[in-house]
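Q: Model the structure of this input:
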Amino acid sequence: MAEIFGVCGMFDDFLGTIKMKNGDTLHVASLSRQSVIDNEAEHLGFDGYFVFQDVDRGAEQGIRILGKAADYDAGVVLAELLSAR
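A: The predicted model follows:
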């Protein structure tokens, strides 16, 4: 998980959002090339569906990529599993 945060608003195809019990928000979407680079996640590739978290904690603002899914449905399952904690 990268600790570098990109700038909000870098979604290519915003598709799904899940609210976590702790108030955080998880999203499933494709991301811009720059968002992937800003999160030091180039090793995941640039296309496909990412599961990522909104970060808004004082000086830390943007997104944190948590993983990449094989397809949209897999991304939703992953986000649901993460939100259950």
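Q: rest of the way, CA atoms for contacts and neighbours
A: Fine.
Q: what helices or strands is the longest helix seen in the chain leaning on?
A: Longest helix in the chain by number of residues (criterion: DSSP state H): helix 72-83. Other helices and strands packing on helix 72-83, by 3 or more C-alpha pairs under 8 Å, 6 or more residues apart in numbering; DSSP states H and E, are strand 11-19, strand 25-31, strand 49-57, strand 60-69.
Q: Out of the ones you listed, the one nearest Gly75 is which?
A: Closest of the helices and strands packed on helix 72-83 to Gly75 is strand 60-69, at 4.9 Å (criterion: C-alpha to C-alpha).
Q: just to revisit the earlier point, mind listing residues that contact the longest helix of the chain?
A: Applying C-alpha atoms under 8 Å, 6 or more residues apart in numbering, the contact partners of helix 72-83 are 16, 18-21, 26-29, 49-51, 68-69.
Q: Save those as JSON lines, and put in pLDDT, distance to Asp38 and neighbour count too.
A: Output for the contacts of helix 72-83, formatted as JSON lines (pLDDT from 0 to 100; distance: C-alpha to C-alpha, whole Å; neighbours: other C-alpha atoms under 10 Å):
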{"residue": "Gly16", "pLDDT": "84", "distance to Asp38": "21", "neighbour count": "14"}
{"residue": "Ile18", "pLDDT": "84", "distance to Asp38": "23", "neighbour count": "17"}
{"residue": "Lys19", "pLDDT": "80", "distance to Asp38": "24", "neighbour count": "15"}
{"residue": "Met20", "pLDDT": "78", "distance to Asp38": "24", "neighbour count": "16"}
{"residue": "Lys21", "pLDDT": "76", "distance to Asp38": "27", "neighbour count": "10"}
{"residue": "Leu26", "pLDDT": "90", "distance to Asp38": "18", "neighbour count": "26"}
{"residue": "His27", "pLDDT": "92", "distance to Asp38": "17", "neighbour count": "24"}
{"residue": "Val28", "pLDDT": "92", "distance to Asp38": "18", "neighbour count": "30"}
{"residue": "Ala29", "pLDDT": "92", "distance to Asp38": "16", "neighbour count": "24"}
{"residue": "Tyr49", "pLDDT": "94", "distance to Asp38": "17", "neighbour count": "24"}
{"residue": "Phe50", "pLDDT": "94", "distance to Asp38": "14", "neighbour count": "27"}
{"residue": "Val51", "pLDDT": "93", "distance to Asp38": "15", "neighbour count": "26"}
{"residue": "Lys68", "pLDDT": "95", "distance to Asp38": "15", "neighbour count": "23"}
{"residue": "Ala69", "pLDDT": "94", "distance to Asp38": "19", "neighbour count": "19"}
